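Engineer: 3D model of this:
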Amino acid sequence: MVDADRGEDLGQVHSLGELAQIRNGGCPHGCGTSAPTRKALRLANARDKASAAELERLNEEVRRKAAERVRANGLAMKLSDAEWQWDRKKLTFYFTAEKRVDFRNLVRDLAALFRTRIELKQIGVRDEAKRLDGIGRCGRRYCSASWLPELRPVNLGVAKDQRLSLNPAQISGACGRLMCCLRYEHEFYVQSRKRFPKEGKIFVTPSGEEKLMAIDIFHERLTFRTAEGDTRVVSLADFNREAEPAVAGRPGGCEEIDEAALDESETDYDPFEISPELNYTAEHDVAGLQRVVAPEAADGIGAGGNMDSRVRGNAEGSEDAGAARRRRGRRGGKRGRGSTGPGDSSESGEG
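Structural biologist: Numbers count the residues shown, from 1 in each chain. So this is what the prediction gives:
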């Protein structure tokens, strides 16, 4: 029996000695680094164990009654588990919810129903799977419920580093999140890939320019593909021997090609240079194009006048002529002409 929150509770010894120190060192939030705040009171007797077993049977019944009150209050939450304290002085409910839930009215209803202190704890889906326990796709008990002391986050990059399928149905656990076991071998893959060149690089080998298509870290093999489409498989040891002459400055060996430098060299051109192909693709002969000058402007230039001013004058004259044509009446009247009769004058006035 151990000291609990405002009472006593039944605990079980999990590990002793050196194993207990190892487990305490791996717990989250630095557990085991400081002295415990609570202590063990006494050894549990047969009566204490029987009372604890009875409470375990009542936990499911209590959870169902609380779920009915949740539906009655219309709360968007899911009650996952319920846990009685051994002395029945506190009842803890664990729930999951997507958003923040105001459960103050629910706490009052549950306190009136069970006549004890009520505590509601929101947990995540991975903690829910840990509490409910079960069998994974490997056929064994959930790692989180059996031995895993800390639920570390697992992202999609862990699956990419191991070249696993990115289908969520194949790499997700019962909780709907990525499986915790994906992290077990991740460090091995990261350290093993450091011995291999990066995939997608182009190398100049004794066989010519080849692109590294794939690597096999378990059999230590590399797959290259030439420009003609031929592929060959080389062991890592053979590749390192081919690369040694290039490193030592001797003829032969493998040399890596910088694709970024090739792209920069291809784009190094004069932007003002006209390609000769444009002379053949243009509609008219580019070399034969000449400026066409109006005769009036040519006379002004020959007389020492300013061609730009003459051109602007012609443009303004053409705009005035266009405006005069637009001022004609819609009924055919013409302004600026002498009126030949009453009808003409009225039509011109209306225009």
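Engineer: which residue ranges form the helices in this structure?
Structural biologist: Secondary structure of the chain (DSSP state H): helices located at 17-25, 46-73, 104-114, 125-132, 143-146, 156-161, 168-171, 186-193, 236-248, 259-266, 278-281, 295-302, 307-326, 342-350.
Engineer: report all helices and strands that the second one contacts.
Structural biologist: This points to helix 46-73. Contact partners of helix 46-73 among helices and strands, from 3 or more C-beta pairs under 8 Å, 6 or more residues apart in numbering; DSSP states H and E: strand 78-84, strand 90-96, helix 104-114. The C-beta positions use only the backbone N, C-alpha and C, and glycine is treated the same way.
Engineer: show me the longest strand that occurs in the protein.
Structural biologist: strand 208-216 (DSSP state E).
Engineer: may I see the buried residues of it?
Structural biologist: Glu210, Lys211, Leu212, Ile215 (16 or more other C-beta atoms under 10 Å).
Engineer: low-scoring stretches of the protein, by residue?
Structural biologist: By pLDDT under 70, the low-scoring segments of the chain are 23-35, 244-351.
Engineer: domains of it?
Structural biologist: 2-123, 151-192, 198-262 (automatic domain parsing).
Engineer: ok, back up a step: within the sheet, what are the partner strands of the longest strand of the chain, with directions?
Structural biologist: Strand 208-216 has these partner strands in its sheet, going by DSSP bridges: strand 202-205 (antiparallel), strand 221-226 (antiparallel).
Engineer: now do the buried residues in the first one.
Structural biologist: Of all the residues in strand 202-205, those buried under the rule 16+ other C-beta under 10 Å are Ile202, Phe203, Thr205.
Engineer: closest to Thr226 among those residues?
Structural biologist: Proximity of the buried residues of strand 202-205 to Thr226 was ranked by C-beta to C-beta; the top entry is Thr205 with 9.1 Å.
Engineer: pretty sure that closest one sits against Glu242.
Structural biologist: Yes - counting by C-beta atoms under 8 Å, Thr205 touches Glu242, with 6.2 Å between them.
Engineer: how close does Tyr94 get to Glu83?
Structural biologist: Using C-beta to C-beta, to the nearest Å, Tyr94 is found at 7 Å from Glu83.
Engineer: which one, of the helices and strands packed on helix 46-73, ends up nearest to Leu41?
Structural biologist: Per C-beta to C-beta, nearest to Leu41 of the helices and strands packed on helix 46-73: strand 90-96, 16.8 Å.
Engineer: what's in contact with the closest one?
Structural biologist: Under the contact criterion C-beta atoms under 8 Å, 6 or more residues apart in numbering, strand 90-96 has outside partners 4-7, 62-63, 66, 77-85, 101, 110, 114, 116-125, 127-128, 131.
Engineer: okay, buried residues for that strand please.
Structural biologist: For strand 90-96, by 16+ other C-beta under 10 Å, it's Lys90, Leu91, Thr92, Phe93, Tyr94, Phe95.
Engineer: then stretch 53-61?
Structural biologist: Result for stretch 53-61 [16+ other C-beta under 10 Å]: buried residues Leu55.
Engineer: with stretch 145-162 instead?
Structural biologist: For stretch 145-162, a neighbour-count test (16+ other C-beta under 10 Å) marks Leu148, Leu151, Val154, Val158, Ala159, Gln162 as buried.
Engineer: and that stretch, how far apart are its ends?
Structural biologist: Its first and final residues considered, stretch 145-162 spans 25 Å by C-alpha to C-alpha, to the nearest Å.
Engineer: Trp86 against Ala50, yeah?
Structural biologist: No - look at Trp86 against Ala50 with C-beta under 8 Å: they stay out of range, at 11.3 Å.
Engineer: who's in contact with the closest residue in space to Cys180 that isn't next to it in sequence?
Structural biologist: Excluding the flanking residues, the one nearest Cys180 by C-beta to C-beta, 6 or more residues apart in numbering is Cys143, at 5.5 Å. By C-beta under 8 Å, 6+ apart, Cys143 lies in contact with Gly136, Cys180, Cys181.
Engineer: so which of those residues is the closest to Ile171?
Structural biologist: Cys181 (9.8 Å).
Engineer: number of nearby residues for that closest one?
Structural biologist: Cys181 has 14 neighbouring residues, counting by other C-beta atoms under 10 Å.
Engineer: just give the closest residue to it, not the sequence neighbours.
Structural biologist: In space, Cys181 is closest to Cys143, 6.3 Å off (C-beta to C-beta, 6+ apart).
Engineer: bridged to the residue lying closest to Val154 once chain neighbours are set aside, which residues?
Structural biologist: Distance criterion C-beta to C-beta, 6+ apart; nearest residue to Val154, sequence neighbours excluded, is Leu178 at 4.2 Å. Beta-bridge pairing for Leu178 (DSSP bridges): Ser172.
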